[in-house]
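Undergrad: show me the folded form of this:
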Amino acid sequence: MYDYIIIGAGSAGCVLANRLSADPKNKVLLLEAGPKDSNMWIHVPVGYARTLVDPKVNWLFPTEPDPGSNDRVHVWPRGKVLGGSSSINGLLYIRGQAADYDGWRQLGNEGWGWDDCLPYFIRSEGNEVHQGKLHGTDGPLNVSDPTEPNPVSDAMIEAGVQAGLPRKPDVNEGDQEGIGYYQLTVKNGLRMSAAKAYLKPALDRPNLRVETEALVHRITFEGKRAVGVAYEQNGEVLEARAGKEVLLSGGAVNSPQLLELSGIGKADLLKERGIEVVADLPGVGENLQDHYVISVQHKVTEPVTVNDQAQGFAFLKEVAKYFFLRKGLLTLSAAHIQAFVKTRTELASPDVQFHILPATMDVEKFKTQQVMELNKFPGLTTAPCQLRPESRGSIHIKSSDPGEYPAIRPNYLSDPLDQETAVAGIRFARKIVSQAAMDKYRGEEIMPGEALETDDELLAYAREAGSTIYHPVGTCKMGTDEMAVVDSQLRVRGVEGLRVIDASVMPRLISGNTNAPTIMIAEKIADAILGKPALGAETASAAE
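TA: This next block holds a predicted model:
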């Protein structure tokens, strides 16, 4: 018997385990389907290139053939290890726009506006560079700058300014428009996952138990109340009981899957799968949103890119630099430069994010073999993704077998606005690279290639070459309408004793990478579970 059972030791689950077990009166069980985070490549930042394709620490969910991207099957990396996706992601720290969260509040989610969420971003953050009232400097999640600039990246920032973007060293103040270096969840040259930031400091607490390689089969109910879980470990099915609450933090894929396996979802679908209905919630697994990224690649005329650093004697130098200084190539994140742009003048805020890296990858080999291999020539990738897509997909179980992956239907580029924005993003990428600041480095455009020029040609390229950038959300959305799965306290509607706490509760995708917002969500709801006043409410009360 435990007070709280947390399902999933990812970005949210690790936060919850720490905050709830901080009170010695709370007995907490944390269940993780994957192993401990002992894989070396988890902790070396550039190791994401390996863990993103490693089934030992990664679910590697295949989607159904997707009509909007030429019926291709996409592979979705999701962390299956302590730390979840924060242990395998690209290490980029982005909060999103203030308007994102104010939009959540306007949808009826009281307490989720920017002013409500900002204190929890601040509490979680240990920023080495940015200070002041909008940043935290002593929080558990370390945030730092890249260890070294790159001449091509520096030139791209100058080119972005020449293209009309302001320099933006800090995009995490609520207003994003501009260009600059990304900040990273890295400390002393090592990844700062949620497991390292939150779980590791709590592991010695006698009231916290962590079980790895424990696949949860279902949440157990007595009537309409969640009272525990059944999980499989070492070939044996075990049960655990929760005296207070079951907290589901499986992520945008696993959380709706487990709700449906447990009898919560669209009643007709559950009956077809032979599952007894506990609560008829048609919104479970619906409202799926994801960022769809499209690579624009150029050759670079000088051997100063990541492609060059990763070969021969240069690579050995980088290994030595990392070993002795914790700097250089091995501290590389998924992108060097961030750019947030408006593709239409009438927009109030940026609608496209760029991930810019002085490197190119063999895209065909990645698409067909899931192998991340750098090209042998110097290269530059300028990759746009639409921040707030209108396309919606779904995730639903195929059977009552908890070991069978669900059917993921992302429906990329199914909305006309998303199609227009994809083309506009490619054109803006070309605009940046064409500026005078890049004259010294700019070589041939190899993707999509200069021959492709019309909107139809560029959209066709986007459909063929685009892919997920690993930000699925929304499948257990927070709200007040009939398709909402949880309320503003993230309690599952129609039952008691059960919450969903992860990126699946986002009613709309935020403007950027989703790790920091997921940690914020868990920080915020941990206070609600413990009956503490919200940080914003405390601040307002003190001001009065």
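
Undergrad: please report the distance of Asp204 from Lys244.
TA: Using Cβ to Cβ, to the nearest Å, Asp204 is found at 23 Å from Lys244. Just so you know, the C-beta spots here come from the backbone N, C-alpha and C atoms, and that holds for glycine as well.

Undergrad: those two: which is more packed in?
TA: Lys244 (15 against 7; other Cβ atoms under 10 Å).

Undergrad: now that one. Its backbone dihedrals?
TA: Dihedral angles phi and psi of Lys244 (degrees, to the nearest 10) take the values phi -110, psi -70.

Undergrad: spatially nearest residue to it (excluding sequence neighbours)?
TA: Excluding the flanking residues, the one nearest Lys244 by Cβ to Cβ, 6 or more residues apart in numbering is Asp3, at 4.6 Å.

Undergrad: helix, strand or coil: sort out that neighbour for me.
TA: Put simply, Asp3 is strand when judged by DSSP: H, G, I helix; E, B strand; the rest coil.

Undergrad: that one contacts Arg241, doesn't it?
TA: No: counting by Cβ atoms under 8 Å, Asp3 stays clear of Arg241, with 10.0 Å between them.

Undergrad: more neighbours: which of the two?
TA: Taking neighbours as other Cβ under 10 Å, Asp3 and Arg241 compare with Asp3 leading, 17 against 13.

Undergrad: could you report the separation of the more buried one from Asp290?
TA: The gap separating Asp3 from Asp290 is 35 Å, by Cβ to Cβ.

Undergrad: follow-up on the earlier one: contacts only, for the residue nearest to Lys244.
TA: 20, 25-28, 242-245 (Cβ atoms under 8 Å, 6 or more residues apart in numbering).

Undergrad: need those residues in a markdown table (columns: distance to Pro378, secondary structure and pLDDT).
TA: Putting the contacts of Asp3 into a markdown table (distance: Cβ to Cβ, whole Å; DSSP: H, G, I helix; E, B strand; the rest coil; pLDDT from 0 to 100) gives the following:
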| residue | distance to Pro378 | secondary structure | pLDDT |
| --- | --- | --- | --- |
| Leu20 | 50 | helix | 98 |
| Lys25 | 59 | coil | 98 |
| Asn26 | 54 | coil | 98 |
| Lys27 | 56 | coil | 98 |
| Val28 | 50 | strand | 98 |
| Ala242 | 55 | strand | 98 |
| Gly243 | 60 | strand | 98 |
| Lys244 | 57 | strand | 98 |
| Glu245 | 54 | strand | 98 |
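
Undergrad: narrow these to those that are buried.
TA: 20, 26-28, 242, 245 (16 or more other Cβ atoms under 10 Å).

Undergrad: now the strands: where do they sit in the stretch 401-544 of the chain?
TA: 407-409, 442-447, 467-468, 498-500 (DSSP state E, counting those that start in this stretch).

Undergrad: return the most buried member of these.
TA: Highest mean neighbour count among these (mean count of other Cβ atoms under 10 Å): strand 498-500, with a mean of 27.

Undergrad: residue ranges with poor pLDDT in the stretch 301-450 of the chain?
TA: 366-371 (pLDDT under 70).

Undergrad: longest helix in this structure, by residue count?
TA: helix 416-433 (DSSP state H).

Undergrad: list the buried residues of that one.
TA: Buried residues in helix 416-433 (16+ other Cβ under 10 Å): 418-419, 421-426, 428-433.

Undergrad: what is the nearest of these to Gly265?
TA: Among the buried residues of helix 416-433, Asp418 lies closest to Gly265 (Cβ to Cβ), at 26.7 Å.

Undergrad: ok, which stretches of the stretch 1-150 of the chain are strands?
TA: Secondary structure of the stretch 1-150 of the chain (DSSP E, counting those that start in this stretch): strands located at 2-7, 28-31, 61-62, 75-76, 125-127, 141-143.

Undergrad: what sits against Trp41?
TA: 47-48, 50-51, 54.

Undergrad: which of the strands of the stretch 1-150 of the chain sits most buried?
TA: The stretch of the strands of the stretch 1-150 of the chain with the highest mean neighbour count (mean count of other Cβ under 10 Å) is strand 28-31, at a mean of 27.

Undergrad: and that one, what other elements does it pack with?
TA: In terms of contacts (3 or more Cβ pairs under 8 Å, 6 or more residues apart in numbering; DSSP states H and E), strand 28-31 is packed against strand 2-7, helix 11-21, strand 208-211, strand 236-248.

Undergrad: how about the helices of the stretch 151-300 of the chain, start to end?
TA: Counting by DSSP state H, counting those that start in this stretch, the stretch 151-300 of the chain has helices at residues 151-162, 194, 251-261, 267-272.

Undergrad: so for Gln489, which of these sits nearest?
TA: helix 251-261 (16.1 Å).

Undergrad: dump the contacts of Trp41 into a markdown table; add neighbour count, pLDDT and distance to Phe323 as well.
TA: Shown next, in a markdown table, are the contacts of Trp41 (neighbours: other Cβ atoms under 10 Å; pLDDT from 0 to 100; distance: Cβ to Cβ, whole Å):
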| residue | neighbour count | pLDDT | distance to Phe323 |
| --- | --- | --- | --- |
| Gly47 | 19 | 96 | 14 |
| Tyr48 | 22 | 95 | 19 |
| Arg50 | 17 | 93 | 18 |
| Thr51 | 23 | 96 | 20 |
| Asp54 | 19 | 95 | 23 |
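
Undergrad: dump those residues to CSV, plus distance to Glu222.
TA: Formatted as CSV, the contacts of Trp41 follow (distance: Cβ to Cβ, whole Å):
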residue, distance to Glu222
Gly47, 44
Tyr48, 42
Arg50, 44
Thr51, 39
Asp54, 40
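
Undergrad: give the buried residues for stretch 348-358.
TA: For stretch 348-358, using 16+ other Cβ under 10 Å, the buried residues are 349-358.

Undergrad: and if you look at stretch 163-176?
TA: 163, 165, 168, 170-174, 176.

Undergrad: what are the contacting residues of that stretch?
TA: Here stretch 163-176 has contacts from 93-98, 114, 118, 121, 130, 134-135, 157, 161, 177-181, 183, 338-341, 349-350, 428, 431-432, 435, 511-512, using Cβ under 8 Å, 6+ apart.
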